[in-house]
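>>> give me coordinates for this.
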Amino acid sequence: MEESTAHGRSTGPLSYDISGATLLYVEDESDARSMVSRMLAMNYPKLKIFSAENGAVALDLYREHTPDIVVTDINMPVMDGIRMSREIKSTHPEACIIAVTAHSDTSYLLSAIEIGVHHYVLKPINYEELFGVIDKILEQIVLKRLVGEVNQRIVESQMQLAMAQRIAHLGSWQWDLTDGEMNWSDEMYRICGFEPGGFEVTYQGFLERFVQEDRETVKEVMKEGVENRQSVGPLFCRIQREDGSQRILRLEAEVLVDGTGIPSLMIGTSHDVTELKEAEERIRLLTDELERRVIQRTSQLQASLRELESFSYVVSHDLRAPVARIEGFCQALLEDCADCPNPGCRQYAERTERVIRQIKHIIDAFNNLSHYARCRLVVENVDLSRLSSAIAATFSQSEPERRVEFSIRQGVVVRGDRRLLQIALEHLLGNAWKFTSKKAESHIEFGCLEQDEGRVFFVRDDGAGFNMKYMDKLFKPFQTIHSPGEYTWDGTAIGLATVHSIILRHGGRIWAEGEVDRGATFYFTLEPNPEGGSFIEDPPTV
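Predicted structure coming up:
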């Protein structure tokens, strides 16, 4: 609802924000100064008001605060309004001054107009007239402030754009299709090897920057863009600088049409991608070299696996036959020595037979180990929790008198070869079962952890453990860190080597932590989606 002043001027809130605006009122009569100051404060509550009793005091206040508006009486003692206004205008020509003068002060008024005071109000003061003048000045001040803020934002945006172009090595340009003139951004000059504004650019000069082999292509593409009113690029082309060096540009442009649909302007960018293209070429060369090495290493691996396969065949067939014959000789010798008075003969034959059986176990274990390294992987979803539970149940049923608590984490599903992963778990859980056999009560756990490298699976027991200084022997075939007589042991010391081979086939790794008489934990990882098939297959040709 509008307010009504004591002098009948109908007022309301201003449609613009005058926060921060200031006004200096100068009047030598104290009553008039007090009255007008109150009326100004009532009508402009957001306007900060200073007051002074003469021009000298007002001049000091102006120099201190630089108010936006000065309302001053003309005829005053010490320093009149004309002299004060002249001093203010000498340092601040744009200062807004409203002169308040009587009808009889015509000469003063003419002097005020002469020094640049374009606003005046006659005495006795008509508040509606005074407020009307102040409103117009405030509106101009606010408008000027807004224009300044907009200009400042434009300047900042231009600076940010120029900086962004420089960082990104992205030049921009405009081609006026009516007169052929072009405008380049500063970065466009730098890309071409010139200082910004170093020469006047034309379309012909723009084309001459490109190497001869690319110039006609650029010219034709830009011509088609104009004729068909379509986008240009992205087009990769080369420019040649004055020093002879070349740069690779990624050229793109858009065509603008006027109100009649005729093309009038083409706006484009030229991105210097020289370093990027050089990096791409280096990556391509490195990739080619890597692929060549992969093929070479794969061929070497396949050759090694074929040699292992041949050796495994020799062990499995050529060696097994003479071992079987020796076993037969031992059995015949035992039969012949049944009534021999020398007990040593029979003992030697029995020991030889046991060694023969061990050799046969080693041959079988070696064949199995070589098989895991070269067999075909059939990748599918495998529930390790279910496999571990089944293996644990089998062990518990085999020795029901033992008090062993199994903790199996449920829901552990991976991608891999079900048969091979079951064999790995059988060996790991079997080791834990074997090396907890001397404890009255024991605990075996299967679970997994989330770590930076992904999921880490583990089998943990609280049995015999091991000395960490023998860590390098754990996963080597035919080696053990416990003596055969220490635990019920009829194996070939190849179980952990088998696990190691299977984990490697699944793109993972395996390691262990242990302490003597405090148990052991075997950790392993698996590739989330291992590659199926067999290394023995011929690699694809490149």
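
>>> and the helices in the stretch 401-542 of the chain, which stretches?
Ranges of helices within the stretch 401-542 of the chain are 418-434, 495-505, based on DSSP state H, counting those that start in this stretch.

>>> which strands and helices sit next to the longest one?
So that's helix 418-434. Helices and strands touching helix 418-434, by 3 or more Cβ pairs under 8 Å, 6 or more residues apart in numbering; DSSP states H and E, are strand 380-383, helix 384-398, strand 441-451, strand 454-461, helix 495-505, strand 519-524. C-beta coordinates here come from the backbone N, C-alpha and C atoms, glycine included.

>>> and those, which one averages the lowest pLDDT?
Mean pLDDT is lowest for helix 495-505 among those, at a mean of 87.

>>> how far off centre is stretch 87-106?
Relative to the centre of its chain, stretch 87-106 is centred 62 Å away, using Cα atoms, centre = their mean, to the nearest Å.

>>> ok, the closest residue to residue 129 other than its chain neighbours to residue 395 distance?
Nearest residue to residue 129, sequence neighbours excluded (Cβ to Cβ, 6 or more residues apart in numbering): residue 121, at 5.6 Å. Note on residue 121: its distance to residue 395, by Cβ to Cβ, to the nearest Å, is 108 Å.

>>> A helix includes the residue nearest to residue 129, no?
No: per DSSP: H, G, I helix; E, B strand; the rest coil, residue 121 lies outside any helix segment and is strand.

>>> give the contact list for it.
98-101, 129-130, 133 (Cβ atoms under 8 Å, 6 or more residues apart in numbering).

>>> so how do I select the buried members of the residues you listed in PyMOL?
Remark: buried members of the contacts of residue 121, expressed as a PyMOL selection using 16 or more other Cβ atoms under 10 Å:
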select buried, resi 98+99+100+101+130+133
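
>>> export the contacts of residue 121 to a markdown table and tack on pLDDT and distance to residue 75?
Formatted as a markdown table, the contacts of residue 121 follow (pLDDT from 0 to 100; distance: Cβ to Cβ, whole Å):
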| residue | pLDDT | distance to residue 75 |
| --- | --- | --- |
| 98 | 89 | 15 |
| 99 | 86 | 11 |
| 100 | 86 | 10 |
| 101 | 79 | 8 |
| 129 | 87 | 19 |
| 130 | 88 | 18 |
| 133 | 89 | 20 |
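
>>> which of the contacts of residue 121 fall within helices?
The members of these that map onto helices under DSSP state H are 129-130, 133.

>>> tell me the confidence at the residue most central in space within the chain?
What sits nearest the mean C-alpha location of the chain, by Cα atoms, centre = their mean, is residue 452, with 17.3 Å. Confidence at residue 452, expressed as pLDDT, is 82.

>>> check residue 196 too.
Note for residue 196: predicted pLDDT of 82.

>>> and it, backbone torsions?
Dihedral pair for residue 196: phi -50, psi 130, per degrees, to the nearest 10.

>>> doesn't residue 190 make contact with it?
Yes: look at residue 196 against residue 190 with Cβ atoms under 8 Å: they come within range, at 7.0 Å.

>>> residue 323 is nearest to which of the helices of the stretch 401-542 of the chain?
helix 495-505 (21.9 Å; Cβ to Cβ).

>>> neighbours of residue 381, just the number please.
By other Cβ atoms under 10 Å, the residues close to residue 381 number 9.

>>> show me what contacts the nearest residue to it once chain neighbours are set aside?
The shortest distance from residue 381 to any non-neighbouring residue, by Cβ to Cβ, 6+ apart, is to residue 413 (5.8 Å). With Cβ under 8 Å, 6+ apart as the criterion, the residues that contact residue 413 are 381-385.

>>> adding distance to residue 401, write the residues you listed out as JSON lines.
As requested, the contacts of residue 413 are exported to JSON lines (distance: Cβ to Cβ, whole Å):
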{"residue": "381", "distance to residue 401": "37"}
{"residue": "382", "distance to residue 401": "32"}
{"residue": "383", "distance to residue 401": "30"}
{"residue": "384", "distance to residue 401": "28"}
{"residue": "385", "distance to residue 401": "26"}
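
>>> select only the buried ones of those in PyMOL?
Only the buried members of the contacts of residue 413 enter the following PyMOL selection, criterion being 16+ other Cβ under 10 Å:
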select buried, resi 382+384+385
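
>>> now, which of the contacts of residue 413 sits nearest residue 276?
Set against residue 276, the nearest of the contacts of residue 413 by Cβ to Cβ is residue 381 (41.8 Å).

>>> now for the closest one: which residues touch it?
Here residue 381 is in contact with 413-415 (Cβ under 8 Å, 6+ apart).

>>> quick one: which of these sit in strands?
Applying DSSP state E to those, the entries found in strands are 413-415.

>>> from those, which is closest to residue 239?
Proximity of the ones in strands among the contacts of residue 381 to residue 239 (Cβ to Cβ) peaks at residue 415, which lies at 51.4 Å.

>>> and the closest residue to that closest one other than its chain neighbours, how far from residue 449?
Of all residues not flanking residue 415 in the chain, residue 529 sits nearest, at 5.3 Å (Cβ to Cβ, 6+ apart). Residue 529 sits 20 Å away from residue 449 when distances are taken as Cβ to Cβ.

>>> one step back: higher neighbour count, residue 196 and residue 190?
Shown here are residue 196 and residue 190; by other Cβ under 10 Å, residue 190 has more neighbours (18 against 12).

>>> alright, calling it a day.
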